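Peer 1: This is a predicted model, with the sequence first.
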Amino acid sequence: MAQSALLNASILKKVAMALSGIFLITFLALHVSLNFISILSEDVFNEASHFMGYNPLIQYVMQPVLAFGVIFHFVMGFILTAQNSAARPIAYAKYNGAANASWSSRNMIISGLVILAFLGLHFYDFWFPEVSYKYIAGTAPDATRYYGELVHKFHDPIRTALYCVSFILLGFHLWHGFASSLQSVGMHNKYSRFLSKVGYWFAVVVPALFVIIALFHHFNN
Amino acid sequence: MKLTLKIWRQKNAQDKGGIVEYPIDGIEPDMSFLEMLDVLNEGLINKGEEPVAFDHDCREGICGMCSLFINGEAHGPDRGVTTCQLHMRMFKDGDTIFIEPFRAKAFPVIKDLVVDRSSFDRIQHAGGFISVNTSGNTIDANTIPVNKDDADKSFDAAACIGCGACVATCKNSSAMLFVSAKVSQYALLPQGKVEATDRVLHMVHQMDLEGFGNCTNTGACEIECPKGISLENIARMNREYLAASLKG
């Protein structure tokens, strides 16, 4: 079979989508762990953030890989959604999707778009100022600034609410995405049921921790 | 029972088509859904109108011919049945029932509720078989030992009747459950392993050519499948496909 046909194959696109999803799930686990430190200790949070912000391996290897993973996941999501829409040119007059599939599984594009919008806000809040601080203004490293910057962002109740709503939609996205990614890479064995439950817990606990962190800093400061 | 039917009418493949409302009375709860349509058609013929075209054959849940998307679900609100096994007791007196053809780019409407499902045939032709010498020298299949668990799973996959409910119900019009059942029924048996690599590559390639959508693992197909074909088959096909792709 021609290589071009293989590369365009629906299953390989699904697998690529799943692998990028699993990579982003791993990143989320790391991100929430780091953020949770901010509740426990200002100094340790500053130290950990400074390490993440100035470690060359993280900055010049992991960060570009992460950016590629995020962009790939979104672009592939849009491509697959467009192809899926084209596969049914005439819609049903009555379609009872809730009868046989969860809301989260049927609306990954909606939860995904909310997450994309959130990423725009998140980059505006943290990533762009960080790039400006380090690479445009060329300010000297300050290992004590991170906690203050984080707390300052959560003063605003509207921003805090937007973050919380986005985290809830992230939970819906993960609720389906975690188990779905395992199915897409062909995993269906005696461990699948257990791993699906792990996925459901992940989908609840990780977004809940993000919400708790946001609310903690909003009300505590 | 007195019902209001909202039925998709379409003269031919070129016609735009639309929903037409038909009031109907005197329906018995023990009638099958297709018998209810027979009653409707008898009335339409008596009035000199064109009867509603719909697919049907065995009327006992074996052939997979009867399609119909009823009140937003493939084969209607019951589970594990085809439309011919759906009974009117699943509905209430006074209900409005939407009856539409299976919708997918790969299942074009021929007339009214009848769709062309030959895309499934073409996928099957692409690799859904084993090459066996049937000239009189065929080896008895029972001489090859088969693990009981594999034999059971293969048989379960082979129960797929190719009705297309998986495609109709999937929000993406994906045919992955059908194709995976056909791939699995051979992949699990020693007789099917010889051509396994080509089979999965060719069948998936044909599936993509036909214009079916991509599976997003919602699980709707498994729930609506009248034969209970498991999502496990899709995972197996994904594994088979990945392994086959690496082999080239």
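Peer 2: Ah, there it is. Numbering: from 1, shown residues only, chains lettered A, B, ... in the order given.
Peer 1: going forward, measure contacts between C-alpha atoms and count neighbours the same way
Peer 2: Fine.
Peer 1: who's in contact with stretch A:76-93?
Peer 2: For stretch A:76-93, contacts defined as Cα atoms under 8 Å, 6 or more residues apart in numbering or on different chains pick out A:13, A:17, A:109, B:72, B:98, B:100, B:103-106, B:171-174, B:211-214.
Peer 1: buried residues in that stretch?
Peer 2: Within stretch A:76-93, the residues scored as buried using 16 or more other Cα atoms under 10 Å in any protein chain shown are A:Met76, A:Gly77, A:Leu80, A:Thr81, A:Gln83, A:Asn84, A:Ser85, A:Ala86, A:Ala87, A:Arg88, A:Tyr92, A:Ala93.
Peer 1: Please apply the same query to stretch B:178-189.
Peer 2: So for stretch B:178-189, counting by 16+ other Cα under 10 Å, buried means B:Phe178, B:Val179, B:Ser180, B:Ala181, B:Lys182, B:Val183, B:Ser184, B:Gln185, B:Tyr186, B:Ala187, B:Leu188, B:Leu189.
Peer 1: Can you list the low-confidence ranges for chain B?
Peer 2: Low-confidence segments of chain B (pLDDT under 70): B:248.
Peer 1: quick check: domain ranges of it?
Peer 2: In the assignment given by automatic domain parsing, the structural domains of chain B cover B:3-111, B:118-247.
Peer 1: which residues in chain B form strands?
Peer 2: B:3-9, B:18-24, B:69-70, B:73-74, B:96-100, B:109-111, B:114-115 (DSSP state E).
Peer 1: chain center to the second one, what's the gap?
Peer 2: The offset between the C-alpha centroid of strand B:18-24 and the centroid of the whole chain comes to 25 Å, using Cα atoms, centre = their mean, to the nearest Å.
Peer 1: neighbours of B:Asp55, just the number please.
Peer 2: 15 (other Cα atoms under 10 Å in any protein chain shown).
Peer 1: could you list every residue that touches it?
Peer 2: Contacts of B:Asp55 (Cα under 8 Å, 6+ apart): B:Met65, B:Cys66, B:Ser67, B:Leu113, B:Val114.
Peer 1: Now for the first one, how many residues are close by?
Peer 2: Okay, so that is B:Met65. 23.
Peer 1: In this structure it contacts B:Ser118, no?
Peer 2: No: if you go by Cα atoms under 8 Å, B:Met65 and B:Ser118 don't touch, sitting 11.8 Å apart.
Peer 1: how about the residues of chain A near chain B?
Peer 2: For chain A, the contact set with chain B under Cα under 8 Å from any Cα of the partner chain comprises A:1, A:5-6, A:9-12, A:14, A:80, A:83-97, A:99-102, A:105-106, A:180, A:183-188.
Peer 1: B:Tyr186: what's it in contact with?
Peer 2: By Cα under 8 Å, 6+ apart, the neighbours of B:Tyr186 are B:Gly128, B:Phe129, B:Ile130, B:Ser154, B:Gly192, B:Lys193, B:Ala196.
Peer 1: typo on my end, A:Ser49
Peer 2: A:Leu34, A:Tyr146.
Peer 1: again, but for B:Phe54
Peer 2: B:Phe54 neighbours (Cα under 8 Å, 6+ apart): B:Cys66, B:Ser67, B:Leu68, B:Asp112, B:Leu113, B:Val114.
Peer 1: By neighbour count, which of those wins?
Peer 2: B:Leu68 (28 neighbours).
Peer 1: rewinding a little: check the buried residues of stretch B:178-189 and tell me the two furthest apart.
Peer 2: Greatest spatial distance in the buried residues of stretch B:178-189: B:Phe178 and B:Leu189, 18.0 Å, computed using Cα to Cα.
Peer 1: All the strands of chain A, in order from the start?
Peer 2: Going by DSSP E, chain A shows no strands.
Peer 1: Where is the longest helix in it?
Peer 2: Determined from DSSP state H, the single longest helix within chain A is helix A:10-40.
Peer 1: Quick check: A:Tyr147 vs A:Phe45, distance?
Peer 2: 7 Å (Cα to Cα, to the nearest Å).
Peer 1: can you give me the helices in the chain?
Peer 2: Looking at chain A here, since you left the chain open. A:3-7, A:10-40, A:42-54, A:56-57, A:63-86, A:103-106, A:108-122, A:128-131, A:146-153, A:157-184, A:192-220.
Peer 1: look at chain B instead
Peer 2: B:33-46, B:118-127, B:148-158, B:165-169, B:176-187, B:190-193, B:196-210, B:220-224, B:232-247.
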